[in-house]
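Chemist: Coordinates for the following, if possible.
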Amino acid sequence: MLNSALRSRAEYAELGVDGLSARTSPERDADIVKAVEELLDGRDTVLDLCCGYGRISLPLSRAGKTVRALDISPNLVEAGRAKAVEEELAVDWAIGSMTDLPYAWDSFDAVICLWTAFHELFAEDEQISTICEISRVLKPGGIAIIEGPSWGPAKAGEIALGMRQGPEHRIVTTEHADGLSSVHYIHDEISYGRLCAAAGIDNYKVYKREWGGRRRLILEIHA
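Modeler: Here you go, the predicted structure:
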């Protein structure tokens with residue numbers, strides 16, 4: 001099996017900006033930006049981790065935030081960079097992996113990792129590395145927000161159809177309206193607690209909330 005970085009890069013190279021943007025809407029994105037700004041609570045320097053084509057980075061920059069944006073997919077980063085240049089927005093774009101961030105300790109007031117991106121890591125060592133890296137680049141008093149799907153325990157039918165696989169049946173395959181499928185690792189309070197403990201983080205909370213018109217799971221880390 002491809003490692004997470006190569007798998008994600010291949011998937012988004014195939015999907016492209018148009019395919020990815022078709023899975024959301026301007027209204028949903030606006031609701032999410034509003035939710036993010038509320039959670040940031042005035043924090044200024046933001047790392048948009050797994051930023052894609054900038055659907056959140058660009059609005060945060062327009063709102064006056066100092067934004068750095070990182071993604072594994074060159075095609076998505078280039079699209080975001082082009083839009084920022086067009087609008088004369090000072091977003092700092094980079095291509096890289098969330099498991100090994102190219103930023104110094106205590107660089108950001110906030111780190112956001114949205115739209116199920118963290119759930120594309122299947123191996124626990126990659127998940128722990130990412131949590132550690134997020135914690136490392138947060139300034140004291142900073143906040144990290146990781147958002148993804150909220151799934152319940154695997155059902156017998158899902159297991160029989162191969163939709164839920166892996167340890168504790170946490171790897172789920174989802175079919176999209178565009179005919180493509182995606183595979184994600186399902187987290188909950190137990191798995192997030194395990195990761196935070198391994199990363200030496202005790203100031204965190206896991207909860208569900210409405211997020212762009214959907215019920216989603218949030219991991220909130222405080223530095």
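Chemist: Over to residue 43: give its phi and psi.
Modeler: Main-chain dihedrals, residue 43, degrees, to the nearest 10: phi -70, psi 140.
Chemist: quick one: contacts for it?
Modeler: 109, 110, 142, 143 (CB atoms under 8 Å, 6 or more residues apart in numbering). Any C-beta I mention is one placed from the backbone N, CA and C, and that applies to glycine too.
Chemist: Now do residue 47 against residue 199, distance only.
Modeler: Using CB to CB, to the nearest Å, residue 47 is found at 17 Å from residue 199.
Chemist: which one of the two has more residues nearby?
Modeler: Between residue 47 and residue 199, counted using other CB atoms under 10 Å, the more crowded position is residue 47 (28 against 20).
Chemist: Surely that one is in a strand?
Modeler: Yes: assessed by DSSP: H, G, I helix; E, B strand; the rest coil, residue 47 belongs to a strand.
Chemist: can you pull the contacts of it?
Modeler: Residue 47 sits in contact with 67, 68, 69, 70, 101, 103, 107, 108, 110, 111, 112, 137, where contact means CB under 8 Å, 6+ apart.
Chemist: Need the max-distance pair from the residues you listed.
Modeler: 67 and 101 (14.9 Å; CB to CB).
Chemist: Between the two, tell me which one has more neighbours.
Modeler: residue 67 (29 against 23).
Chemist: My guess is the more buried one contacts residue 46. True?
Modeler: Yes: applying CB atoms under 8 Å as the test, residue 67 and residue 46 come out as touching, 5.2 Å apart.
Chemist: Tell me what angle the biggest strand by length in the chain forms with strand 45-49.
Modeler: For the chain, the strand that runs over the most residues, judged by DSSP state E, is strand 138-149. Strand 138-149 and strand 45-49 are oriented at 40 degrees to each other (axes from the mean of the first three to the mean of the last three CA atoms, to 10 degrees).
Chemist: So which residues make contact with strand 138-149?
Modeler: With CB under 8 Å, 6+ apart as the criterion, strand 138-149 contacts 36, 39-41, 43, 45, 106-119, 134-135, 184, 186-187, 211, 216-223.
Chemist: How far away from the center of its chain is the lengthiest helix in the chain?
Modeler: When the chain is parsed with DSSP state H, its longest helix is helix 4-21. Its chain's average C-alpha position is 14 Å from that of helix 4-21, according to CA atoms, centre = their mean, to the nearest Å.
Chemist: next helix or strand past it?
Modeler: helix 26-40 (DSSP states H and E).
Chemist: now residue 27, nearest residue through space, not along the chain?
Modeler: In space, and not counting its chain neighbours, residue 27 is closest to residue 213: 7.9 Å by CB to CB, 6 or more residues apart in numbering.
Chemist: Was I right to think that neighbour contacts residue 28?
Modeler: Yes: between residue 213 and residue 28 a contact is recorded at 5.7 Å, counting by CB under 8 Å.
Chemist: And the strands in the protein?
Modeler: Under DSSP E, the chain gives strands at 45-49, 66-71, 92-95, 108-113, 138-149, 164-165, 171-175, 181-185, 204-211, 214-222.
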